[in-house]
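Peer 1: Kindly generate the corresponding structure for this input.
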Amino acid sequence: MFVDHIRVFARAGDGGNGIVSFRREKFVPRGGPDGGDGGDGGKVTIVVDPHTDNLRAFAFNPKLIAQDGAHGQSYKRHGKKGKDFIARVPPGTVVYRSNAQDMKEAAEMERSEEGVELEPVVDLTDIGQEFDLLYPGKGGKGNFHFRSATNQAPEEVKLGTEGEQGVFYLELRRIADAGFVGFPNAGKSTLMGALSANKPKVGAYPFTTLKPSVGVVDFPGFQRCTIADIPGLIEGAHENRGLGHEFLRHITRCNLLIFVIDMAGIDGREPIDDLQILRKEIKEYDEELAKFPWMIVANKMDVEGAEEQLGFMKQRFPKVDIVPISAKEETGLDELRKLLLEKVGKRRDS
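Peer 2: Next comes the predicted model:
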């Protein structure tokens, strides 16, 4: 199961209470106050883990709850600090805070016309990056702290404070140097398998790819780039039709958009129309995304009629890089690798 967005409830631990206690020993029948302080609660921390590739773990347990601090003890003993809750997420995770107070209210608001208001909290992109999502309550003070010359037996204490809590929305946006953009059956998965060691599922039917995957293309000279194979787009995707936002959120981090076009029009489609629809969908979703560098991969050049359509495409977009290939026959890939190296290649240790 692949999960790339989920709602969770998080709560930091409450601080433990300070206690009332007096020293009572065999030869000290009326000792002074010795109530200890409560321990601080645990905090909720999010850590970017390179070994985590989606948010599936939170589907089974959507509660991020840290431990409360222990109460103080006699003999001025301090309560134990609550254990922190460490939530591990993949790189590319964006955290939003909901205006809902709990999970039930959040679900009801999502079903309503008003919807849930989400406020961006943090964008986690670097391996090992840590972010304290919620701060814990502080431990209270025992009666030892309230002794004075005029009050030798205080029964006053300070209670621990409550930890922060809230409903959050986690969204994964795949990080890759370049992202394949295309309609279902355009050949993106086949191309991914031909360029990299990643071998996604390939089939002669729409929506073979139901989750984004990332492959690595190696170049000579210890250079490489990462490419994202993302679920196919359909017209109206910016309105969340089809896989809609399941697709579009994952290309917002790419440095280069690669439009993979079925140049043979096997499904009865016009290649130029396909490209214009794809460009429109991206612009409707995010105008800034439409300004990203882009190129065209003219796929299925081994099929009859593709050469003629390629000529029309070059006339329509004379200033755009167009690479004719056949992902199935693995022809034209050397030229594509050369262009990828030029546009998004980087050293393997970077």
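Peer 1: tell me the contacts of the closest residue to residue 155 other than its chain neighbours?
Peer 2: Counting by CB to CB, 6 or more residues apart in numbering, residue 155 lies nearest to residue 20, which is 5.1 Å off, once chain neighbours are set aside. Backbone N, C-alpha and C define where each C-beta goes, glycine included. By CB atoms under 8 Å, 6 or more residues apart in numbering, the contact list for residue 20 reads 33, 35, 142, 143, 155, 156, 157.
Peer 1: can I assume the second one is in contact with residue 21?
Peer 2: Yes. Here residue 35 lies in contact with residue 21, judged by CB atoms under 8 Å, at a distance of 4.0 Å.
Peer 1: shared neighbours, those two?
Peer 2: In terms of CB under 8 Å, 6+ apart, residue 35 and residue 21 are both contacted by the residues 72, 74, 142, 143.
Peer 1: number of nearby residues for the closest residue to the first one other than its chain neighbours?
Peer 2: Of all residues not flanking residue 72 in the chain, residue 36 sits nearest, at 3.3 Å (CB to CB, 6+ apart). The local packing of residue 36 (other CB atoms under 10 Å) involves 26 other residues.
Peer 1: Just confirm residue 190 is within a helix.
Peer 2: Yes. Assessed with DSSP: H, G, I helix; E, B strand; the rest coil, residue 190 lies in a helix.
Peer 1: distance of it from residue 107?
Peer 2: Here the criterion is CB to CB, to the nearest Å. By it, residue 190 lies 40 Å from residue 107.
Peer 1: sorry, back to before: for the shared contacts of residue 35 and residue 21, work out which two are farthest apart.
Peer 2: For the shared contacts of residue 35 and residue 21, the farthest-apart pair by CB to CB is 74 and 143; their separation is 10.4 Å.
Peer 1: Give me the common contacts of these two.
Peer 2: Counting by CB under 8 Å, 6+ apart, the shared contacts of residue 74 and residue 143 are 19, 21, 35.
Peer 1: and the last one, what pLDDT?
Peer 2: Same thing as residue 35. With respect to pLDDT, residue 35 has a value of 94.
Peer 1: repeat for the first one
Peer 2: The score at residue 19 is 95. That number is its pLDDT.
Peer 1: hang on, the earlier thing: dump the contacts of residue 20 to JSON lines, plus distance to residue 48, neighbour count and secondary structure.
Peer 2: Below are the contacts of residue 20 laid out as JSON lines (distance: CB to CB, whole Å; neighbours: other CB atoms under 10 Å; DSSP: H, G, I helix; E, B strand; the rest coil):
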{"residue": "33", "distance to residue 48": "46", "neighbour count": "23", "secondary structure": "strand"}
{"residue": "35", "distance to residue 48": "42", "neighbour count": "30", "secondary structure": "coil"}
{"residue": "142", "distance to residue 48": "39", "neighbour count": "30", "secondary structure": "coil"}
{"residue": "143", "distance to residue 48": "44", "neighbour count": "24", "secondary structure": "helix"}
{"residue": "155", "distance to residue 48": "48", "neighbour count": "11", "secondary structure": "coil"}
{"residue": "156", "distance to residue 48": "45", "neighbour count": "15", "secondary structure": "coil"}
{"residue": "157", "distance to residue 48": "40", "neighbour count": "24", "secondary structure": "coil"}
